[in-house]
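Enquirer: Generate coordinates for the sequence data below:
(one chain, ligands or ions: 1)
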Amino acid sequence: MPRDFLEGAKDEYDVVVIGSGLGGLTTANVLGRAGYSVLLLEQHYKLGGMATWFKRPTGHIFDISLHGFPAGMIKSCRRYWTREIADSIVQIKNIRFDNPMFSLTTTYNRDDFTRLLTESFGIAPEAIKSFFETARGMNFYDDQSTTTGELFEKFFPGREDVVRLLMEPIVYANGSTLEDPAITYGIVFSNFMSKGVFTFQGGTDRLIGLMQEELINNEIDIRIRCHVDRIHVKNDSVAAVEVNGRTIRTRAVVSNANLKTTILKMVGEEHFDQSFVDAVQETRLNNSSTQVYMALKPNERIDESTGDLLFSSTAREFRTDLLLSRDISSRTYSFYYPNTRPNERPRCLVVSSTNANYKDWSGLSPEEYEASKQDLIETTLDAIEKYVPNMRERVSHVEASTPITFEHYTKHVAGASFGTKFEGLAVSRDLPEQVAGLYHAGSVGIIMSGWLGAINYGVIVANAVDGMLMKSAELPNPIAKESISNS
Ligand SMILES: Cc1cc2nc3c(=O)[nH]c(=O)nc-3n(C[C@H](O)[C@H](O)[C@H](O)COP(=O)(O)OP(=O)(O)OC[C@H]3O[C@@H](n4cnc5c(N)ncnc54)[C@H](O)[C@@H]3O)c2cc1C
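Expert: Coordinates of the predicted model:
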């Protein structure tokens, strides 16, 4: 008999959270801590969503998305998770750029960028100050018609090299483009510039392990290998979820799964206004990624001056389509030295990441797909020689992932690395207006994605759910046990 992953689960919870990405985990933790009964359902065999890792028998542990996040993670983790998690967040100081326009190393904060822009790029200090202040002053309610490209043109007209310096890491960090609203750039860029780039010491496996302990302390019922097929709606309110053949009642559902899948597949468009459905259909997905994971032989070391993060490109100009092209010219290398996991066997690893289009990988035959992956590996091994000489001889394990891999493990439509584009945020926020008790907390747009964005959005949504449950505390559950259906 197949194992029952819902064995012992109750028939009803205050809240059901679908998906255990950082957004879902945080919503579950905040609500569990507040005393609600919370069921956390994850379709994969481990928690974390894109915040994940994998081990190989050779003893290597590869991180997928632990490359860098802003200092704000410390505060968010201290407040909504634990001191131990917050105290494990450390700065990475050696960030490098290498492209045909410039090569430089920076700590990636305002002081150092001001120095670089003045000394190496010859920009007047007033223009730099004014740019930083404009970016920092941007907020959610600002005009959204100015694009990031227009913002750069205003402060640094004709300076493609400056645009590249300011934009390349952000494109990598959240898939944003020069055509996106400037506020999406300004908020994320300023978050990084406040103190630099940070990482989690001990690796993603340690972080998710610590989060799981905290969830258990807060009595959240965690279930893996539980794929939610449907969210039942009755009288315009959430009623239950259907998972592994069971129907579990609840007053509130928070979906951390892909926004479009949640609305169009799990709930069904018949439960929403036509104009809302149109907005969902028009919401664009973010791009996906490819990665190449390289582990060095046990005694091989990479000199730490090679950098922590290296934005490398051979493209002469900076263009979004070039960053996504199957003909890869840009790679971001993350170097993991033995101190990433001080308690594990000392190892040096490199992960090369490149933004990618799903369609470049989805239509291939199995043979073509394998050949394309091998080509990705070979060209990456060639490209990294410039920074890690004799890599081919020094490497003991190499493998690659593609948009198909991300889709497979997270169920994100088209393997989107950062959920939807910016317009998804309004759709996500409006969900409870359409169906009472229905929420979404997960990657939408640029501000609410990435590790910090996902965690913070998880908190915002937990607060909204709390408000709704408090208000409806006196009301009986509108759903009679036997009458649950999606009609
Ligand atoms: C290659 C790559 C590199 C990245 N690098 C960085 C970086 O350097 N810094 C940074 O801050 N961010 C980075 N990110 C982005 C960051 O990892 C994500 O934005 C963030 O982790 C997403 O969290 P989330 O809450 O949106 O959920 P997700 O991680 O998207 O998780 C959603 C979860 O829902 C589950 N699920 C889906 N459907 C169902 C269902 N029907 N039933 C049950 N469960 C379901 C999935 O299995 C998954 O666990 C990177 C992402 C990628 C792909």
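Enquirer: ok, the residue in the stretch 201-350 of the chain positioned nearest to the ligand - how many residues close by?
Expert: Proximity of the stretch 201-350 of the chain to the ligand (Cβ to the nearest ligand atom) peaks at Ala257, 3.3 Å away. Placement of C-beta: from N, CA and C, glycine included. Ala257 has 27 neighbouring residues, counting by other Cβ atoms under 10 Å.
Enquirer: who are the neighbours in contact with it?
Expert: The neighbours of Ala257, taking Cβ atoms under 8 Å, 6 or more residues apart in numbering as the test, are 18-19, 228, 266, 411, 442.
Enquirer: Got the phi and psi for Leu438?
Expert: Main-chain torsions, Leu438, degrees, to the nearest 10: phi -100, psi 120.
Enquirer: Need the pLDDT of it.
Expert: pLDDT recorded at Leu438 is 98.
Enquirer: same check, this time on Asn139
Expert: In this model, Asn139 carries a pLDDT of 76.
Enquirer: neighbour-wise, which of the contacts of Ala257 leads?
Expert: Going by other Cβ under 10 Å, Gly442 tops the contacts of Ala257 with 33 neighbours.
Enquirer: thinking again about what came up before, could I get the contacts of Ala257 in CSV, plus columns for distance to the ligand and pLDDT?
Expert: CSV is the format used below for the contacts of Ala257 (distance: Cβ to the nearest ligand atom, whole Å; pLDDT from 0 to 100):
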residue, distance to the ligand, pLDDT
Ile18, 5, 98
Gly19, 2, 98
Val228, 4, 98
Met266, 7, 98
Lys411, 4, 96
Gly442, 4, 93
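Enquirer: Where helices are concerned, which of these count?
Expert: Under the assignment DSSP state H, the contacts of Ala257 contribute nothing to helices.
Enquirer: Can I get the residues you listed in CSV including distance to Lys46?
Expert: As requested, the contacts of Ala257 are exported to CSV (distance: Cβ to Cβ, whole Å):
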residue, distance to Lys46
Ile18, 16
Gly19, 13
Val228, 17
Met266, 21
Lys411, 14
Gly442, 17
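Enquirer: what stretches of this structure score poorly on pLDDT?
Expert: Within the chain, the set of residues satisfying pLDDT under 70 comprises 140-143, 446, 474-487.
Enquirer: Residue numbers of it in contact with the ligand?
Expert: Proximity of the chain to the ligand, by Cβ under 6 Å from any ligand atom, involves residues 18-24, 41-44, 49-51, 64-65, 67-69, 173, 227-228, 256-257, 289, 291, 353, 406, 410-412, 417-419, 442-443, 449-451, 454.
Enquirer: just the contacts of Ala257 now: which is nearest Val241?
Expert: If you rank these by distance to Val241 using Cβ to Cβ, Val228 comes first, at 5.1 Å.
Enquirer: Pop the domain breakdown of this structure in here.
Expert: 12-45+224-284+418-483, 53-91+198-205+287-410, 109-195 (automatic domain parsing).
Enquirer: Identify, out of those, the most deeply packed stretch.
Expert: domain 12-45+224-284+418-483 (a mean of 21; mean count of other Cβ atoms under 10 Å).
Enquirer: ok, for Thr247, nearest residue in space, not its chain neighbours?
Expert: Distance criterion Cβ to Cβ, 6 or more residues apart in numbering; nearest residue to Thr247, sequence neighbours excluded, is Ala240 at 5.0 Å.
Enquirer: Doesn't the one you found lie inside a strand?
Expert: Yes: the assignment for Ala240 (DSSP: H, G, I helix; E, B strand; the rest coil) places it in a strand.
Enquirer: ok but the residue of the stretch 201-350 of the chain closest to the ligand is inside a strand, no?
Expert: No: applying three-state DSSP, one finds Ala257 to be coil, outside a strand.
Enquirer: Gly453 versus that one, what's the distance?
Expert: 17 Å (Cβ to Cβ, to the nearest Å).
Enquirer: do the same with Ile64
Expert: Distance of Ile64 to Gly453, computed by Cβ to Cβ: 17 Å.
Enquirer: cool, Ser329 as well?
Expert: Taken as Cβ to Cβ, the span from Ser329 to Gly453 is 27 Å.
Enquirer: for stretch 170-178, the distance to its chain's centre please.
Expert: Computed by Cα atoms, centre = their mean, to the nearest Å, the chain-centroid distance of stretch 170-178 equals 12 Å.
Enquirer: isn't His60 right up against Ala295?
Expert: Yes: using Cβ atoms under 8 Å, His60 makes contact with Ala295 at a distance of 4.1 Å.
Enquirer: Find residues that contact each of these two.
Expert: Jointly contacting His60 and Ala295 under the rule Cβ under 8 Å, 6+ apart are 347, 349, 397.
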